[in-house]
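Participant: Any chance you can model this:
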Amino acid sequence: MLDVNRLFPAEGTARKVAVKLYETVRDLPIVSPHGHTDPRWFAENQAFPNPAALLIQPDHYIFRMLYSQGVSLESLGVPQADGKEQADPREVWQIFAKHYYLFRGTPTRLWLDYTLENQFGLKERLSAENADAYYEVIAKKLETPEFRPRALFEQFKIEVLATTDAAVDDLKWHQQIRDSGWKGRVVPTFRPDAVVDAEYLGFQENIQKLGEVSGEDVSNYKGYLNALRLRRAFFKKMGATATDHGHLTAMTADLPADEAARLYERIFSGKMNAGDVELFQAQMLTELAGMSVEDGLTMQLHPGSVRNHNLKVYEKFGRDKGADIPSPTEYVRSLKPLLNKFGNEPGFTFILFTLDETTFSRELAPLAGHYPCLRLGPPWWFHDSPEGMMRFRETATETAGFYNTVGFNDDTRAFLSIPSRHDVARRVDCAFLGRMVADHRLDEDEAFEVVQDLTVNLVKKAYKL
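Facilitator: Numbering: from 1, shown residues only. Sure, this is the predicted structure:
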């Protein structure tokens, strides 16, 4: 099912170089600095319940494609906001197998084929005809000790795995991992969206909880900022090295202190003026950048996604159910207030992601090619594909070079897709470098150094791992 030279250049010279490069990074440890796997898996180390729960129901790449072709989320057993999950896992698997053809040409197909072959030894293409046999093989494997979360973590050669956690999270699963004595390194990431975005569901309750867990009076701006500092310190104590911010835009602001305090009063009371929600988020990006300068946590910004576009799906199934859609994003003017204040600070690392590929060569690469704090995150979400990765290298390298990027992160909720996603990224980087060597734009010995940096060194440096 998997060709050993997949994703490498068809041209002979470039392919030969790519193959040699890949041999040096194929088996390197995985550093996964940003993702959404559940820390509870590693704390409790219980068997995954069934193939559907493992491979289909947590993965919006899979069920959004099926939904686009008329397959209901209910029939796939995707958990509903009210807790309902009624589908039989064998029936879910049958639906998935019947519609496997929908993933032709997508990165999801690459990830799935890799997982089925390398984790389960299944080398025929999945179909309705072999679905039952596949289900039985996978289900039996999941009953074995080798397929418990910690064993898979070690089998995948994961050196460190970062989860994404709400600012008010008590991190009890991370604490349980630490207390267990297991040597696997699973660290949290501070994600404050739910206490920064006034349109976030339950925002007022989240603000109150922030005050409770921090012991600060969050009814005023000073107490609110202190609460965030205390939570960041707690996350850092628990192993966090980074923060993450998912805003619609990259807009930042640097308001006078009294004006910022009045803005917060309106946000806190719910008596907001037009534009206050976006302005507050913009102000908070700058405030949080200042906190990163103070505490050393790497800052990540993931803008440009119109979240929960399908209202009916959102109301029935909640957030993160495949209905988030990319939107055009502007960076040069939007980031100027933040960069004017902190862009030249030594030790500050600010990683920018985008869902708007037109900005790589026009805005992001020139910005990262100048400001010492800026680094470019890898292609994310809808562009987490061989084509997206290659376009990124082609459009960003000419201005930002390799060393203003941060390697790869998998950004996944589907645990078994981690090794396959990293394998795709390593192959694409080898293909790009192989082509540069064949074109006599890079010496071969330099390519061997660069591919090591792209695989492990840059990500460790950027995320302080």
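Participant: what about L66, neighbour count?
Facilitator: 23 (other Cβ atoms under 10 Å). For glycine as for every other residue, the C-beta is placed from the backbone atoms N, C-alpha and C.
Participant: Kindly report the same for R26.
Facilitator: R26, neighbours per other Cβ under 10 Å, totals 12.
Participant: Make residue 1 into 620 and carry on from there
Facilitator: Taking 620 as the first residue, the last one we looked at is R645.
Participant: Please tell me the pLDDT value assigned to the closest residue to it other than its chain neighbours.
Facilitator: Of all residues not flanking R645 in the chain, R1045 sits nearest, at 6.8 Å (Cβ to Cβ, 6 or more residues apart in numbering). pLDDT for R1045: 98.
Participant: try D943
Facilitator: pLDDT recorded at D943 is 89.
Participant: Help me confirm that it comes into contact with S924.
Facilitator: Yes: at 4.7 Å, D943 and S924 qualify as touching, with contact defined as Cβ atoms under 8 Å.
Participant: Mind listing the shared neighbours of the two?
Facilitator: Counting by Cβ atoms under 8 Å, 6 or more residues apart in numbering, the contacts common to D943 and S924 are W1000.
Participant: elements contacting the helix or strand hosting the residue nearest to R645?
Facilitator: In this structure, R1045 sits in helix 1037-1057 according to DSSP states H and E. With contacts taken as 3 or more Cβ pairs under 8 Å, 6 or more residues apart in numbering; DSSP states H and E, helix 1037-1057 sits against helix 631-644, strand 649-651, helix 726-739, helix 1005-1019, helix 1063-1071.
Participant: Now the fourth one: buried residues?
Facilitator: So that's helix 1005-1019. 1005, 1007-1012, 1014-1016, 1018-1019 (16 or more other Cβ atoms under 10 Å).
Participant: mind checking how far it is from the chain centre?
Facilitator: The chain centroid and the centroid of helix 1005-1019 are separated by 19 Å under Cα atoms, centre = their mean, to the nearest Å.
Participant: Wait, Q1071 touches F1021, no?
Facilitator: No: at 11.1 Å, Q1071 and F1021 do not qualify as touching, with contact defined as Cβ under 8 Å.
Participant: Neighbour count for those two, which is higher?
Facilitator: F1021 (20 against 15).
Participant: what secondary structure does that one sit in?
Facilitator: Counting by DSSP: H, G, I helix; E, B strand; the rest coil, the backbone at F1021 sits in coil.
Participant: Tell me which helix or strand in the protein has the weakest average pLDDT.
Facilitator: Least confident helix or strand, the chain: helix 930-936 with a mean of 90, by mean pLDDT, DSSP states H and E.
Participant: ok, and what's touching that helix?
Facilitator: Contacts for helix 930-936 (Cβ under 8 Å, 6+ apart): 686, 692, 697-700, 927, 940-942.
Participant: Only the buried residues of it, if you could.
Facilitator: Result for helix 930-936 [16+ other Cβ under 10 Å]: buried residues 932-933, 935-936.
Participant: so which pair among the buried residues of helix 1005-1019 is furthest apart in space?
Facilitator: P1005 and T1018 (22.2 Å; Cβ to Cβ).
Participant: which one of the buried residues of helix 930-936 sits closest to D646?
Facilitator: Distances from D646 to the buried residues of helix 930-936, taken as Cβ to Cβ, are shortest for F936 (38.7 Å).
Participant: ok, back up a step: would you mark the buried spots in the helix holding R1045?
Facilitator: 1037-1057.
Participant: now the angle from that helix to helix 631-644?
Facilitator: 140 degrees (axes from the mean of the first three to the mean of the last three Cα atoms, to 10 degrees).
Participant: Do I have it right that the residue nearest to R645 meets Q1071?
Facilitator: No: at 10.7 Å, R1045 does not count as touching Q1071 under the criterion of Cβ under 8 Å.
Participant: Overlap of the contact sets of those two?
Facilitator: With contacts defined as Cβ under 8 Å, 6+ apart, the residues shared by R1045 and Q1071 are V644.
Participant: coming back round to it: for the helix holding R1045, C-alpha coordinates in PDB please.
Facilitator: Taking C-alpha atoms only, helix 1037-1057 is exported to PDB below (Å, rounded to 0.1, in the frame of the first residue of the first chain):
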ATOM      1  CA  ILE A1037       1.300  11.600  14.900                       C
ATOM      2  CA  PRO A1038       4.100   9.400  13.400                       C
ATOM      3  CA  SER A1039       2.500   9.400  10.000                       C
ATOM      4  CA  ARG A1040       2.200  13.200   9.900                       C
ATOM      5  CA  HIS A1041       5.800  13.700  11.000                       C
ATOM      6  CA  ASP A1042       6.900  11.100   8.300                       C
ATOM      7  CA  VAL A1043       5.100  13.200   5.600                       C
ATOM      8  CA  ALA A1044       6.800  16.400   6.800                       C
ATOM      9  CA  ARG A1045      10.300  14.700   6.800                       C
ATOM     10  CA  ARG A1046       9.700  13.300   3.300                       C
ATOM     11  CA  VAL A1047       8.600  16.700   2.000                       C
ATOM     12  CA  ASP A1048      11.600  18.500   3.500                       C
ATOM     13  CA  CYS A1049      13.900  15.900   2.000                       C
ATOM     14  CA  ALA A1050      12.300  16.300  -1.400                       C
ATOM     15  CA  PHE A1051      12.700  20.100  -1.200                       C
ATOM     16  CA  LEU A1052      16.300  19.900  -0.200                       C
ATOM     17  CA  GLY A1053      17.000  17.100  -2.700                       C
ATOM     18  CA  ARG A1054      15.700  19.400  -5.500                       C
ATOM     19  CA  MET A1055      17.900  22.300  -4.200                       C
ATOM     20  CA  VAL A1056      21.000  20.100  -4.300                       C
ATOM     21  CA  ALA A1057      20.100  18.800  -7.800                       C
END
